[in-house]
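> No sequence on hand, only this structure:
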């Protein structure tokens, strides 16, 4: 079977599932779930794959809302399609993970019809908690990428790009402890933990003037006291510390700690820090896979621009951790009008609208076509693997 005939069969399969795939996207959109709480989405996606003949492992790798589904047992490349499906607090699927999941399922259903004829193997990885929980990191540590030759997913945005600029990130919790006192009758007996946290925050704000252009530091107060007439004995913050690479991130982290510590020293308080168990690496592009995907997307009427044309589109993802281990594809697919930023209520409305629906189907087709190209010509994956090892 050649690539064109295989793509025709995959297209027919995906088109036959069009309503089902858009239904999955809308259903997940209507049932947003936070990190590691994606019970509904996990059930919905695994039911679909199992009913379609995939061998499904629910609760994979010790994570109740992760899954692994397999089809085919050929000797060609083993390709993983990655699904994300967690939402954001307050604004639901404003990152469009409902589209990621539905497009991933669609790509799997399309590729399923040809994988055995092309002597390949297909794996679908359901990865919970991308929005800060690091589900992929835990899965990698527990063997999710063993035997995987390449991985792919699509991510919604306001334009079609080969990838977004995903930089390294590590989440930090800071807790300040002081001494409570009556704020009017005996303020001199107190040590104000909120003041310590505020000064630490301002120190970080000053630090931001003197960091590199690819670095970001942003935080929120998660506790600032209980009542105005009590000197706050406890205050806490959540910080995201980001840098272009994991190496440059390690150099930035001590500077952030020093800025926060200074607030505690100035107020006579104590401060403790807890870095998250997981950190996200920067996303490595695979120019080999990018070119194959871009050609397939173009055949669908989508012109994929290089991410350098949108340097402001910056963020972080645990798909970066996958990209350091196997060649990875992480293009951005237009699912909202130009200028509508992800992680906003406006973007969330589009992820279940006409542009979002088109992204589901086109994303499924482009990934299925890319998988077919890799099975028909295994040298593509071989070249992508060599490039990753050489750091090019």
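That came through fine. Note that this is a predicted model, so its numbers are computed, not measured.
> use CA for all of it now, contacts and neighbours both
Noted.
> Can you get me a residue count around residue 248?
Neighbourhood size, residue 248 [other CA atoms under 10 Å]: 15.
> which SSE is it in?
In this structure, residue 248 sits in helix 246-267 according to DSSP states H and E.
> Give me the buried positions along the next helix or strand after that helix.
Reading on from helix 246-267 to the C-terminus, the next helix or strand found by DSSP H and E is strand 270-280. Using 16 or more other CA atoms under 10 Å as the test for burial, strand 270-280 gives 270, 271, 278, 279, 280.
> other SSEs contacting strand 270-280?
Under the contact criterion of 3 or more CA pairs under 8 Å, 6 or more residues apart in numbering; DSSP states H and E, strand 270-280 touches helix 135-141, strand 168-177, helix 246-267, helix 319-323.
> Can I get these in CSV including distance to residue 78?
Formatted as CSV, those follow (distance: least, CA to CA, whole Å):
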stretch, distance to residue 78
helix 135-141, 16
strand 168-177, 27
helix 246-267, 28
helix 319-323, 15
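> Switch these over to a markdown table; also include mean pLDDT and distance to residue 353.
Output for those, formatted as a markdown table (pLDDT from 0 to 100; distance: least, CA to CA, whole Å):
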| stretch | mean pLDDT | distance to residue 353 |
| --- | --- | --- |
| helix 135-141 | 98 | 28 |
| strand 168-177 | 98 | 31 |
| helix 246-267 | 98 | 36 |
| helix 319-323 | 98 | 26 |
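> Indicate which one of the ones you listed is closest to residue 352.
Counting by CA to CA, residue 352 lies closest to helix 319-323 out of the helices and strands packed on strand 270-280; the figure is 23.3 Å.
> if we look at the next helix or strand after the closest one, which residues are touching it?
Counting by DSSP H and E, the element after helix 319-323 in chain order, helix or strand, is strand 328-329. Under the contact criterion CA atoms under 8 Å, 6 or more residues apart in numbering, strand 328-329 has outside partners 150, 151, 152, 153, 154, 163, 284, 285, 286, 289, 290, 322.
> domain ranges for this protein?
Per automatic domain parsing, the domain ranges recorded for the chain read 3-166+283-390, 168-279.
> Deepest in the core, which of the ones you listed is it.
Greatest average neighbour count among the domains of the chain goes to domain 3-166+283-390 (a mean of 21), per mean count of other CA atoms under 10 Å.
> Endpoints of it, how far apart?
Start-to-end span of domain 3-166+283-390 (CA to CA, to the nearest Å) is 29 Å.
> Same question for stretch 179-199.
Using CA to CA, one end of stretch 179-199 lies 17 Å from the other.
> Repeat that for stretch 91-99.
With CA to CA as the measure, stretch 91-99 spans 15 Å from end to end.
> Mind checking the pLDDT average for that stretch?
The average pLDDT for stretch 91-99 rounds to 98.
> Locate the nearest residue to residue 70 once chain neighbours are set aside within the secondary structure: which element?
Nearest residue to residue 70 in three dimensions, chain neighbours excluded: residue 123, at 4.5 Å (CA to CA, 6 or more residues apart in numbering). Assigned by DSSP H and E, residue 123 falls within strand 121-127.
> What is that strand packed up against?
In terms of contacts (3+ CA pairs under 8 Å, 6+ apart), strand 121-127 is packed against strand 67-71, strand 78-84, helix 97-115, helix 135-141.
> Run the chain-centre distance for it.
Distance, stretch centre to chain centre, for strand 121-127: 16 Å (CA atoms, centre = their mean, to the nearest Å).
> Would you pull up how far the lowest-mean-pLDDT helix or strand in the chain lies from the middle of the chain?
One helix or strand of the chain scores below all others by mean pLDDT, DSSP states H and E: strand 314-315, with a mean of 86. How far strand 314-315 lies from its chain's middle: 11 Å, per CA atoms, centre = their mean.
> Can you spell out which helices and strands pack onto that strand?
strand 165-166.
> Neighbouring strands - and their directions - for the strand it packs on?
Strand 165-166 has the following sheet partners, assigned by DSSP bridges: strand 314-315 (parallel).
> what residues does the partner strand touch?
Contacts of strand 314-315 (CA under 8 Å, 6+ apart): 164, 165, 166, 167.
> quick one: which two of these are the most distant?
164 and 167 (9.3 Å).
> Give me the residue at the spatial middle of this protein.
Geometric centre of the chain, nearest residue: residue 317, 3.8 Å, by CA atoms, centre = their mean.
> quick one: contacts for that one?
Counting by CA under 8 Å, 6+ apart, residue 317 touches 130, 131, 166, 167, 168, 280, 281, 282, 283.
> what secondary structure does the second one sit in?
For residue 131, the secondary structure call by DSSP: H, G, I helix; E, B strand; the rest coil comes out as coil.
> Could you check the pLDDT of residue 305?
The predicted local confidence for residue 305 is 88.
> With residue 311 instead?
59.
> Distance check, residue 318 against residue 1.
Where residue 1 is concerned, residue 318 sits at a distance of 36 Å (CA to CA).
> tally of neighbours for the nearest residue to residue 321 once chain neighbours are set aside?
Leaving aside its chain neighbours, residue 321 sits nearest to residue 281 (5.1 Å; criterion: CA to CA, 6+ apart). Close neighbours of residue 281, defined as other CA under 10 Å, add up to 28.
> now for the helix or strand hosting residue 5, which elements pack on it?
Using DSSP H and E, residue 5 maps to helix 3-16. Helices and strands touching helix 3-16, by 3+ CA pairs under 8 Å, 6+ apart, are helix 97-115, helix 354-376.
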